[in-house]
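Participant: fold the following and give me the result.
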Amino acid sequence: MVAVKTNERPGTRAVARYVRVSASKAREVLDLIRGESYGRAAEIAAFSERAVSDVIAKCLDSAVANAENNDGISAEELYVSACYADEGPTLKRWRPRARGRATRINKRTCHITIIVNRYDEATLEDLREREEARGRAGSSTHAAEARRQRVERSRAAAEEAAHDHEDGAEDALVDEVVDDKATETEAAADEPDADEATTDEVVEIDEVIADEVVEIDEVIEIDEVIADEVIEDAVDEPVADETTERTDADQSADEATEGTDADQSADDAQKEAN
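Facilitator: Here you go, the predicted structure:
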């Protein structure tokens, strides 16, 4: 007899990959829910003391949701036909030990697969008769109803969050528009004052420039007067010096001439006396 391959088993499946727990620990919980109805398997996973039971419960709900949405099978008619855990990659770490040694730490991972399938018609009739005899709904019905309520709450929360986000975005846009308008009005209100201040500054600058121009004109006039005086003095002084120098030279020349004349007359007198 040829066994059915793992990936060829009939039913609707869900896989949780790279779960940070060893495959042996996950198999302990999977062995409890194998072959159980959806309601019973959900109860076992909810009340199990193993930490991996939370991941298994989520994987079970995912498989049931796939069956309802993709295959159109009601959650009350499903059971866990197969479930198994395959080993995943091992994360290797090191721990220091004595005398400079090191010991390897293996952090195991696993891939959890849960396959749900629909009961056959005979089994479904038997289950319905039992529920009618008890006078209350079975565990699968309660689990399916609880899951639907959780789904509705999560969808409502997601819609509310999206609505709040849209409202927040709209409020932000309105606030930006209001702020822009307020800024424009303030700028428009401040513009006349700015113009007046600008005109005042221009008038003050023109007055300062006019004062500087007047001062420059006065300085130029004073400079011209001083220049004229300097030119006159410069013109007069050399002439006086030249005339004075010339008169002194003439007097010295005259004196020299007179001296020579006296000497000649003395010489002439002496010659005559001789």
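
Participant: hey, let's count contacts and neighbours off CA atoms from now on
Facilitator: OK.

Participant: where does E129 land in three-state SS?
Facilitator: What DSSP: H, G, I helix; E, B strand; the rest coil gives for E129 is helix.

Participant: which pLDDT value goes with it?
Facilitator: Looking at E129, its pLDDT stands at 84.

Participant: what is the neighbour count of it?
Facilitator: Neighbour count for E129, taken as other Cα atoms under 10 Å: 12.

Participant: dump stretch 147-164 to CSV, restricted to CA.
Facilitator: Output of stretch 147-164 as CSV, limited to C-alpha atoms (Å, rounded to 0.1, in the frame of the first residue of the first chain):
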residue,chain,number,x,y,z
ARG,A,147,-14.2,33.0,15.8
ARG,A,148,-16.8,35.0,13.7
GLN,A,149,-17.2,37.5,16.5
ARG,A,150,-13.4,37.9,16.8
VAL,A,151,-13.2,38.5,13.0
GLU,A,152,-16.0,41.0,13.1
ARG,A,153,-14.4,42.9,16.0
SER,A,154,-11.0,42.9,14.2
ARG,A,155,-12.6,44.2,11.0
ALA,A,156,-14.5,46.8,12.9
ALA,A,157,-11.4,47.9,14.7
ALA,A,158,-9.5,48.1,11.3
GLU,A,159,-12.3,50.1,9.7
GLU,A,160,-12.4,52.4,12.7
ALA,A,161,-8.7,52.9,12.6
ALA,A,162,-8.8,53.6,8.8
HIS,A,163,-11.8,56.0,9.4
ASP,A,164,-9.9,57.8,12.2
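
Participant: which of the residues in it are buried?
Facilitator: R147 (16 or more other Cα atoms under 10 Å).

Participant: so what touches it?
Facilitator: D61 (Cα atoms under 8 Å, 6 or more residues apart in numbering).

Participant: same thing but 7 Å
Facilitator: If you take Cα atoms under 7 Å, 6 or more residues apart in numbering as the criterion, stretch 147-164 is touched by no other residue.

Participant: give me the mean pLDDT for it.
Facilitator: In this model, stretch 147-164 has a mean pLDDT of 84.

Participant: helix/strand/coil for S140?
Facilitator: S140 falls in the helix class when you classify it by three-state DSSP.

Participant: does it really touch G39, like I thought?
Facilitator: Yes. Contact criterion Cα atoms under 7 Å: S140 and G39 qualify, at 3.6 Å.

Participant: between the two, what contacts are shared?
Facilitator: Common neighbours of S140 and G39 (Cα under 7 Å, 6+ apart) do not exist.

Participant: so where is this structure shaky, pLDDT-wise?
Facilitator: Where the chain drops to pLDDT under 70, the residues are 1-3, 136-137, 186-267, 269-274.

Participant: please enumerate the strands of it.
Facilitator: With DSSP state E as the criterion, the chain has strands at 12-19, 78-87, 91-96, 102-107, 110-118.

Participant: rebuild those as a markdown table, extending it with mean neighbour count.
Facilitator: Below are these laid out as a markdown table (neighbours: other Cα atoms under 10 Å):
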| stretch | mean neighbour count |
| --- | --- |
| strand 12-19 | 19 |
| strand 78-87 | 22 |
| strand 91-96 | 10 |
| strand 102-107 | 12 |
| strand 110-118 | 23 |
